[in-house]
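Undergrad: This is a predicted model, with the sequence first.
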Amino acid sequence: MTDAHPPGGPVRDAGDAWVESGDGRKYWGRFGAAGLLVHDRARGVLLQHRAGWSHFGGTWGIPGGARHQFESAVDGAVRESHEEAGVPAESIELRFDSVLDLGFWSYTTVIVEAVEPFEPVVSDPESIALAWVPLAEVETLPLHPGFADSWPGLRSQLERRVTVVVDVANVVGSRPDGWWKDRAGAAQRFVARLGRLAHEGLDAQALDLDFNRWWPAYVAVVEGQARGVHTDDDAREPGHELRAGVSVVDAAGSGDDAIVDVVRELDGAVVVVTSDRELRERVERLGATTRGAGWLTDLLDATS
């Protein structure tokens, strides 16, 4: 939540400027601002003790700052957290984001999970200190007012895990586009598209969840001649440095049975995508929610 450069320091980007509201209040970031809230299940959340010269100096918040022009909120938050705290993009996975939109200015809090342990590094003058703070102790610190306001809501969803399990045969087979001529190729193309959707995330309303956008994990279950497809997560596209969160399960026998087994082993909220009525009933009995094939194909079609 850093919101200015050091006194006398250089302006690093056109976005490094104040925006003023009609009543005279100032907000840092000509193109808005973003911060990264990193959650480590074992250690808590990564907080930044803000330098005294900054706005609300001496309080605790999250690494962040002004977005660059044309920069997405996620990219801005990841960049700022790396510059200020040495957060490695390869060690985190996206979970969800929350947006404070004032019309003329916005602040996006991007919530990620540390999936590989790392130690933060004070790498510029914007931080007095960086620390992993247990969740129960966050409110005992003098918090930045903006973070203090948002923390209760963020905390309530911080440990939520969302997984979308996809019946690939059912979804691919829902469109008569010649997929049966090359089942493996059709499944491979589908998984690649799923990876792009995983990077972009889903509008919270599509999952009946709160906040702005969520990045669920995806499990693509394939069967028969389609088995053996792979994800492209290790060869990420430019701008997609973060993990995509897509895995593939090859069904040894029945794809439906494999999906039921996957659902049975998962924790958290599970959404199964299939139009097979019997399969939907089976997974719903295990506590999963379901969506039809058209729900996912429409999302894929809207993905750039």
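TA: Yep, it's here. Numbering: from 1, shown residues only.
Undergrad: Show me the strands in the stretch 101-250 of the chain, by range?
TA: In the stretch 101-250 of the chain, the segments counted as strands under DSSP state E, counting those that start in this stretch are 106-114, 127-133, 162-167, 202-203, 213-214, 217-222, 246-250.
Undergrad: Quickly run through the sheet partners of the third one, with directions.
TA: The partner list of strand 162-167 in its sheet, established with DSSP bridges, is strand 217-222 (parallel), strand 269-273 (parallel).
Undergrad: possible to save the ones you listed as CSV with mean pLDDT?
TA: As requested, the strands paired with strand 162-167 are exported to CSV (pLDDT from 0 to 100):
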stretch, mean pLDDT
strand 217-222, 95
strand 269-273, 97
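Undergrad: Among those strands, single out whichever gets nearest to R175.
TA: In terms of Cβ to Cβ, the element of the strands paired with strand 162-167 nearest to R175 is strand 269-273, at 13.9 Å. Quick note: C-beta positions are derived from backbone N, CA and C, even for glycine.
Undergrad: and that closest one, how far from the chain's centre?
TA: Remark: strand 269-273 is offset 17 Å from the chain centroid, using Cα atoms, centre = their mean, to the nearest Å.
Undergrad: same for the helix or strand following that strand, what does it pack against?
TA: Sequence-wise, the next helix or strand downstream of strand 269-273 (DSSP states H and E) is helix 277-285. Packed against helix 277-285 by the contact rule (3 or more Cβ pairs under 8 Å, 6 or more residues apart in numbering; DSSP states H and E) you find helix 255-265, strand 269-273, strand 289-291.
Undergrad: give the contact list for the nearest residue to P142 once chain neighbours are set aside.
TA: Distances taken as Cβ to Cβ, 6 or more residues apart in numbering place T59 nearest to P142, at 5.2 Å, with adjacent residues excluded. Neighbouring residues of T59 by Cβ atoms under 8 Å, 6 or more residues apart in numbering: 49-50, 142-145, 147.
Undergrad: again, but for L130
TA: Counting by Cβ under 8 Å, 6+ apart, L130 has contacts 46-49, 63, 85, 120-122.
Undergrad: if I look at the closest residue to it other than its chain neighbours, how far off is V19?
TA: Among residues not flanking L130 along the chain, P120 sits closest, at 4.0 Å (Cβ to Cβ, 6+ apart). Using Cβ to Cβ, to the nearest Å, one gets 29 Å for the distance from P120 to V19.
Undergrad: More neighbours: these two, which one.
TA: With neighbours defined as other Cβ atoms under 10 Å, P120 and V19 compare such that P120 has more, 21 against 17.
Undergrad: Which residues are in contact with that one?
TA: By Cβ under 8 Å, 6+ apart, the residues touching P120 are 46, 85-87, 130-132.
Undergrad: right, and out of those, which lies closest to E200?
TA: Among the contacts of P120, and counting by Cβ to Cβ, the member closest to E200 is V87, at 21.1 Å.
Undergrad: wait, doesn't that closest one sit right on S81?
TA: Yes - assessed by Cβ atoms under 8 Å, V87 is found in contact with S81 at 4.0 Å.
Undergrad: Name the residues contacting each of the two.
TA: Residues touching both V87 and S81 (Cβ under 8 Å, 6+ apart): 36, 38, 63.
Undergrad: Save these as TSV, and put in secondary structure, distance to D257 and pLDDT too.
TA: What follows is these, written out as TSV (DSSP: H, G, I helix; E, B strand; the rest coil; distance: Cβ to Cβ, whole Å; pLDDT from 0 to 100):
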residue	secondary structure	distance to D257	pLDDT
L36	strand	40	97
V38	strand	38	98
P63	coil	45	94
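Undergrad: Let me have the residues you listed in TSV, adding distance to V171 as columns.
TA: Below are those laid out as TSV (distance: Cβ to Cβ, whole Å):
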residue	distance to V171
L36	33
V38	33
P63	39
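Undergrad: Return the closest of the residues you listed with respect to E93.
TA: For the shared contacts of V87 and S81, the nearest to E93 is V38 (10.4 Å; Cβ to Cβ).
Undergrad: Run through the residues that contact that closest one.
TA: So V38 contacts 45-46, 62, 81, 87, 92, 112-114 (Cβ under 8 Å, 6+ apart).
Undergrad: And for Y107?
TA: 27, 29, 32-35, 99-100, 146.
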